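Provided below are the primary sequence and the corresponding predicted coordinates.
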Amino acid sequence: MIQVRLAADRGRTEWGWLDSRHTFSFGEYADPSHMGFRSLRVINDDRVEPGAGFGTHGHRDMEILSYVLEGALAHKDSSGGGGVIRPGEIQFMRAGTGVTHSEYNQSKTEPVHFLQIWIVPDKRGLKPAYGQQSFDRDAARRGFVLLASRDGREGSLQVQQDADLWVTLPEAGEERRLALRPGRHAWVHVARGQASVNGKALSEGDGAAVSGEDGVTLAGQGPAEVLVFDLA
């Protein structure tokens, strides 16, 4: 079974310097029918104006990933983590017992476009942590690259949840498949471009919940950038 969540149906926050689209309920956007999928709680599709950003604020008991599509995002947090994230990199912050952080557009002239992803951990009260690393975009053009996982395998970031996050960059006419073990579920998010997911055509910003299937089959319909969450 596959259930599509169209980009146009997402929630939206507009603050002048910020244009944010919410796949699931977040902030002032509340929709009881879209509170997350399995342990995946938030996918925010954020565009931030040059020099602007989120001032210091707090989180706790959440695994937070940032994925930059365009531009550069500057991060700083109270655990000592910090850096500038650019396309081809993935950043992780474990809020755990509590952390404050800020995120700003590094550029004074160009906007930044990024995804902020929250995963609910399977343990509360963990020590805050930070991680940032690049991934092989050429490998993602050939298949799936693992960005985050419970065990940190294949050089991925380690998250405290039975969840794998994969990225792939198919071209038009290319098809690739990610197998799902029995009882697993997937959420697919088309970050850029167009791709079909198990026969369903999706465009930029669209998402899809996949359950009761033995895999996710993606077919590019032009250059695309697709995230796949393999979830318990």
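Arrived safely, thanks for sending.

alpha carbons only for contacts and neighbour counts from here, please
Will do.

wait, residue 214 touches residue 177, no?
No - contact criterion CA atoms under 8 Å: residue 214 and residue 177 do not qualify, at 10.1 Å.

which stretches of this protein have low pLDDT?
For the chain, applying pLDDT under 70 flags no range at all.

show me it divided up by domain.
10-134, 137-231 (automatic domain parsing).

contacting residues for residue 229?
163-166, 186-188 (CA atoms under 8 Å, 6 or more residues apart in numbering).

grab the nearest non-local neighbour of it.
residue 165 (4.6 Å; CA to CA, 6 or more residues apart in numbering).

can I assume that neighbour sits in a strand?
Yes - assessed by DSSP: H, G, I helix; E, B strand; the rest coil, residue 165 belongs to a strand.

and the gap between it and residue 30?
25 Å (CA to CA, to the nearest Å).

which one's more surrounded, those two?
Taking neighbours as other CA atoms under 10 Å, residue 165 and residue 30 compare with residue 165 leading, 22 against 13.

before we move on, back to that, can you pick the most crowded of the contacts of residue 229?
That'd be residue 186 among these, by other CA under 10 Å, with 27 neighbours.

okay, and that residue sits in which element?
In this assignment (DSSP states H and E), residue 186 forms part of strand 185-192.

parallel or antiparallel, which strands does the helix or strand following that strand pair with?
Next along the chain after strand 185-192, taking DSSP H and E as the criterion, comes strand 194-197. Using DSSP bridges, strand 194-197 pairs in its sheet with strand 200-203 (antiparallel), strand 215-220 (antiparallel).

got the angle for the longest one vs strand 185-192?
With axes from the mean of the first three to the mean of the last three CA atoms, to 10 degrees as the basis, strand 215-220 and strand 185-192 are set at 10 degrees to each other.

beta partners of the residue lying closest to residue 157 once chain neighbours are set aside?
The spatial neighbour of residue 157 that comes closest, neighbours along the chain excluded (CA to CA, 6+ apart), is residue 148 at 4.4 Å. Using DSSP bridges, the bridge partners assigned to residue 148 are residue 157, residue 165.

now do the contacts for residue 148.
By CA under 8 Å, 6+ apart, the neighbours of residue 148 are 156-159, 163-166.

closest to residue 2 out of the domains of the chain?
domain 137-231 (4.6 Å; CA to CA).

how far out from the middle of the chain is the closest one?
Between the centre of domain 137-231 and the centre of its chain there are 11 Å (CA atoms, centre = their mean, to the nearest Å).

any idea how far apart the tips of that domain sit?
23 Å.

what of stretch 199-214?
14 Å.

list of residues touching that stretch?
1-7, 23, 37, 45, 179-197, 216-217.

which of those count as buried?
Among the contacts of stretch 199-214, the ones that count as buried by 16 or more other CA atoms under 10 Å are 2, 4-5, 7, 23, 37, 45, 180, 184-197, 216-217.

for residue 92, what are its contacts?
Counting by CA under 8 Å, 6+ apart, residue 92 touches 63-66, 130-132, 157.

name the nearest residue to residue 77, sequence neighbours excluded.
Residue 77 sits nearest to residue 101 (CA to CA, 6+ apart), 3.9 Å away.

what about residue 93, how many residues nearby?
25.

counting by contacts, list what the helix or strand encompassing residue 41 packs against.
Counting by DSSP H and E, the element that carries residue 41 is strand 40-48. Under the contact criterion of 3 or more CA pairs under 8 Å, 6 or more residues apart in numbering; DSSP states H and E, strand 40-48 touches strand 18-22, strand 112-119.
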